[in-house]
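This is the structure alone, sequence omitted:
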């Protein structure tokens, strides 16, 4: 039996191959935030079943950003259950072409510098990281930052560019939780480092901008931070942001 973890009221974390995605409950509707890797889809379907729900209860798949490890099953889910895939307009091209991005540094040297990352990267590859299909009909987020998104959970969109141009976090004020995606993680797959941090330059487009975007996360005041990689952070977003800034880029 697959075990998901409720990490905030009505928010369930699904961790698979070192990547997190989240199932959001709201009445009789569900939302998925991020789409993991291709082989994560059967895991998510089992979690939905264990929650007593059905796949067609999923109203939307909202992605924090369009890198391959957060878009993995999006095209398949779109085809099988018809749920739209939402992405920020600045990541729309990347959603269609999830490998066409240029990180700040050459990612291929990182396993040599950080050999502890190799098992993590192999897990991701085995889960389909090298075979992710793009989404050509993604719906672009249409949101006023002062108004919640019209999706289950009613989160506020927080634009946090740096990791990608269109990276967004989702803040759920009534649940005191923030899904930070890769704007702030507690595990970097490219270095295997744990604790609050931005993702290394191996996968981040602009680390300086990523560090600056931490202020937008801090402004939410959320107690619980739910990252795209790593364990939830329950000591408040302010302490996570302070730790990430102190660590700096890698």
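Perfect, I can see it now. The model shown is predicted, which means the values in this text are computed figures rather than measured ones.

Only C-alpha atoms from now on, for both contacts and neighbour counts.
Fine.

can you tell me which strand in this structure is longest?
strand 19-26 (DSSP state E).

ok, which stretches of the protein are helices?
41-50, 74-81, 92-96, 110-113, 118-126, 207-218, 237-247 (DSSP state H).

Would you tell me which one of those helices is buried the most?
The highest average neighbour count among those, using mean count of other C-alpha atoms under 10 Å, belongs to helix 92-96 at a mean of 22.

Show me where the chain has its strands.
5-8, 11-16, 19-26, 29-33, 58-62, 85-87, 139-140, 156-159, 168-172, 177-181, 185-187, 194-197, 224-227.

Tell me the strands beside the first one, with direction?
In the sheet, strand 5-8 lines up against strand 11-16 (antiparallel) (DSSP bridges).

and the angle for the strand it pairs with with helix 41-50?
Here strand 11-16 runs at an angle of 150 degrees relative to helix 41-50 (axes from the mean of the first three to the mean of the last three C-alpha atoms, to 10 degrees).

Nearest spatial neighbour of residue 78, chain-adjacent residues omitted?
The shortest distance from residue 78 to any non-neighbouring residue, by C-alpha to C-alpha, 6 or more residues apart in numbering, is to residue 84 (6.2 Å).

Tell me how many other residues crowd residue 174.
Residue 174: 11 surrounding residues under other C-alpha atoms under 10 Å.

what's the answer for residue 206, then?
For residue 206, the neighbour count with other C-alpha under 10 Å is 20.

Name the nearest residue to the residue positioned nearest the centre of the chain, ignoring sequence neighbours.
By C-alpha atoms, centre = their mean, the chain has its centre lying nearest to residue 181, at 3.3 Å. Spatial nearest neighbour of residue 181, chain neighbours left out: residue 228 (4.2 Å); criterion: C-alpha to C-alpha, 6+ apart.

Equivalent analysis for residue 163, please.
residue 204 (4.3 Å).

where does stretch 5-15 sit relative to the chain's centre, distance-wise?
13 Å (C-alpha atoms, centre = their mean, to the nearest Å).

Tell me which helix or strand in this structure has the weakest average pLDDT.
helix 110-113 (a mean of 89; mean pLDDT, DSSP states H and E).

from the middle of its chain, how far away would that one be?
Averaged C-alpha coordinates place helix 110-113 at 24 Å from its chain's average position (C-alpha atoms, centre = their mean).

Mind checking the pLDDT average for stretch 84-101?
For stretch 84-101, the mean per-residue pLDDT is 96.

Need phi/psi at residue 34.
phi 70, psi 160 (degrees, to the nearest 10).

for it, what are its contacts?
Residue 34 is in contact with 20, 21, 22, 61, 62, 63, 64, 65, 70, 71, 181, counting by C-alpha atoms under 8 Å, 6 or more residues apart in numbering.

what's the neighbour count on the fifth one?
Residue 62 is flanked by 28 other residues according to other C-alpha under 10 Å.

can you check the fourth one too?
Residue 61 is flanked by 26 other residues according to other C-alpha under 10 Å.

So for stretch 149-160, mean pLDDT?
If you average the pLDDT values across stretch 149-160, you get 96.

Now it: buried residues?
By neighbour count on 16 or more other C-alpha atoms under 10 Å, the buried set for stretch 149-160 is 149, 151, 152, 153, 154, 155, 156, 157, 158, 159, 160.

same question, stretch 24-34
Going by 16+ other C-alpha under 10 Å, stretch 24-34 has these buried residues: 24, 25, 29, 30, 31, 32, 33, 34.
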